[in-house]
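Sequence and predicted model, in that order:
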Amino acid sequence: MLNRLIATLAALFLMAGPAALAQKPQPEAPGPCDQAFQSLEAGDNEASIPLLETCLESEDFEPGLEAFIYAELGAALLFAERYEDALDAHNMAAAIADTQQSEITAPSFYRNRGIAFFETGDFERAMDDLERADRADGSDPLTLVSLGLTHQRLEAYAQAVEVFDRLVRVAPDWTGSWINRSSAFLDLEMNAAAVRDAERAFELEPDTGTTLNMLCWTLIQDDRADTALPLCERAVELEPDTGAFVHSLAAALEATGSQRRAYRLYARAYELSPEDPEIAADFERTQ
């Protein structure tokens, strides 16, 4: 296990600077380290987190290996949606590499740290890391999704469409490709194009709340609320406790003249998702 880990480290993770990072034979990993990487290989990220933390505390590692373990911890924390902790672990890995005058080269590191920056609200730093990951590997769907979403948060909507164009080519059978580009088209008020992408997502998965809601919402924006209404109703039937879906149904009802029911559903949407600014605005407007 450890030999494979070190080989991966040497090949993908770090590029040695003036101070070489792996000149001495490495000690055998202690039990917690073996268990941690076994958990990672099994896909049990949650279980790997305390094991990786124990591993790091168990002995003094060669710097390159220590940086790698911190990066793996950061990835596991990211999967667990512990974004602040994930960012701290990734920054620790980068700091260790920096002390050795070395550079982390693995695209996944910059992708994961970029996502952690995004989730903690630092969109400029997220952009730096995600663009670096994209330059190294322009065909990774997760990098492209995250990069496109970051462009949207920075109100660079045309750039978001360009990134999602590439995502559609890389992953044409994934509904998320079409839904994300549809959303970016809406940002540019290209409503007809947004509807076409939402229809493509719906064709791929006609019985999921997300695709139903996206097609519903784009049709509302394209002034076709009558057509949208049954789609909105079906999305809420499937996921009655998703605030965005309830909000879309309320908008369709309001546009088709059913204000009383619409206003009740705006209140329900706000109850479910009070942090959403559009839902909050409609709640305040109608209540």
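Now that the structure is in, tell me what you want to look at.

In contact with residue 202: list those residues for me.
Shown in contact with residue 202 (C-beta atoms under 8 Å, 6 or more residues apart in numbering): 211, 212, 214, 215. Every C-beta, even on glycine, is put in place using the N, C-alpha and C of the backbone.

Next: residue 54.
32, 36.

just checking, next helix/strand downstream of the helix or strand where it lies?
In the assignment (DSSP states H and E), residue 54 maps to helix 45-58. Using DSSP H and E, the helix or strand that follows helix 45-58 in sequence is helix 63-79.

Sort out which residues of that following helix are buried, please.
63-78 (16 or more other C-beta atoms under 10 Å).

quick one: residue 223 is in a strand?
No. Judged by DSSP: H, G, I helix; E, B strand; the rest coil, residue 223 forms no part of a strand; its state is coil.

State the number of residues packed around it.
A count of nearby residues for residue 223, using other C-beta atoms under 10 Å, gives 11.

And residue 99, by the same measure?
11.

Find the helix or strand that residue 220 is a member of.
Per DSSP H and E, residue 220 falls inside helix 209-221.

residues near residue 230, how many?
By other C-beta under 10 Å, 12 other residues sit near residue 230.

which stretches of the chain form strands?
For the chain, strands defined by DSSP state E occupy the ranges 14-15, 103-104.

now the helix holding residue 54 and helix 63-79, what's the angle there?
Orientation check (axes from the mean of the first three to the mean of the last three C-alpha atoms, to 10 degrees): helix 45-58 against helix 63-79 gives 150 degrees.

Now do helix 45-58, average pLDDT.
Predicted confidence along helix 45-58 averages 90 (mean pLDDT).

Likewise for stretch 210-230?
Stretch 210-230 shows an average pLDDT of 98 in the prediction.

Tell me the buried residues in it?
Applying 16+ other C-beta under 10 Å to stretch 210-230 flags 210-222, 224-225, 228-229 as buried.

Quick check: buried residues in stretch 260-275?
Per 16+ other C-beta under 10 Å, stretch 260-275 contains these buried residues: 262, 263, 265, 266, 267, 268, 269, 270, 272, 273.

which one is residue 185 nearest to, not counting chain neighbours?
residue 194 (3.8 Å; C-beta to C-beta, 6 or more residues apart in numbering).

Got the confidence number for the one you found?
Per-residue pLDDT puts residue 194 at 98.

In this structure it contacts residue 222, no?
Yes. Using C-beta atoms under 8 Å, residue 194 is in contact with residue 222, at 7.4 Å.

Next up, the contacts around residue 180.
145, 148, 149, 164, 167.

now with 6 Å?
Contact analysis of residue 180 by C-beta atoms under 6 Å, 6 or more residues apart in numbering lists 148, 164.

pLDDT wise, what is it at?
Looking at residue 180, its pLDDT is 97.

The one 3 residues further on now?
Looking at residue 183, its pLDDT stands at 97.

Next up, the contacts around residue 51.
32, 35, 36.

Redo those as TSV? Include neighbour count and distance to residue 116.
TSV is the format used below for the contacts of residue 51 (neighbours: other C-beta atoms under 10 Å; distance: C-beta to C-beta, whole Å):
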residue	neighbour count	distance to residue 116
32	18	24
35	18	25
36	25	20
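
and which of those is nearest residue 87?
residue 36 (19.9 Å; C-beta to C-beta).

So for the closest one, what's the nearest residue that isn't a sequence neighbour?
residue 51 (3.6 Å).

Just want to check the distance between that neighbour and residue 116.
20 Å (C-beta to C-beta, to the nearest Å).

For the stretch 1-150 of the chain, just list every one of the helices.
Using DSSP state H, counting those that start in this stretch, the helices assigned to the stretch 1-150 of the chain run over residues 2-8, 31-41, 45-58, 63-79, 83-99, 107-119, 123-136, 141-153.
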